[in-house]
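K.L.:
no sequence on this one, just coordinates:
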């Protein structure tokens, strides 16, 4: 389970780091001072739930965040520290091209006009991220 705060607007949690799961997990989450909530907006891949997007407010910035994944009798609960997991103004309209020189070329629109540094991770099929 990996959770990121995007633009201080929402929390996106994903659970497909090992590939698309074979089952559809039910996801719920909560901050320390609130009740557990079911996912209202699932992220999917080929019809399988692979993540969830939920609102985030600045008042929750330093609160502990908890997630639960359920399928049948299996339940996985995890506590997340989101302080170091904030992505501000990620690029949009990402395009990847396989160059004739056998390199991958990445193109995107930059949403912030200030100096911004981006990192790119790639993986082939279900291999490790590089």
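P.N.:
Cool, the structure landed. Just so it is clear, the model here is predicted, and its values are computed rather than measured.

K.L.:
So, low pLDDT: which residues of the chain?
P.N.:
Confidence mapping of the chain against pLDDT under 70 gives the ranges 111-116.

K.L.:
all strands of it, in order?
P.N.:
Residue ranges of the strands in the chain, as given by DSSP state E, are 2-6, 10-14, 26-31, 37-38, 42-45, 48-55, 65-71, 74-80, 86-87, 92-98, 104-109.

K.L.:
So which of the ones you listed is nearest residue 119?
P.N.:
Among these, the nearest to residue 119 by C-beta to C-beta is strand 86-87 (10.0 Å). From N, CA and C alone the C-beta is placed, and that goes for glycine too.

K.L.:
Now do the contacts for residue 129.
P.N.:
Counting by C-beta atoms under 8 Å, 6 or more residues apart in numbering, residue 129 touches 17, 121, 122, 123.

K.L.:
and the residues you listed as JSON lines, adding distance to residue 109?
P.N.:
Formatted as JSON lines, the contacts of residue 129 follow (distance: C-beta to C-beta, whole Å):
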{"residue": "17", "distance to residue 109": "27"}
{"residue": "121", "distance to residue 109": "19"}
{"residue": "122", "distance to residue 109": "20"}
{"residue": "123", "distance to residue 109": "24"}
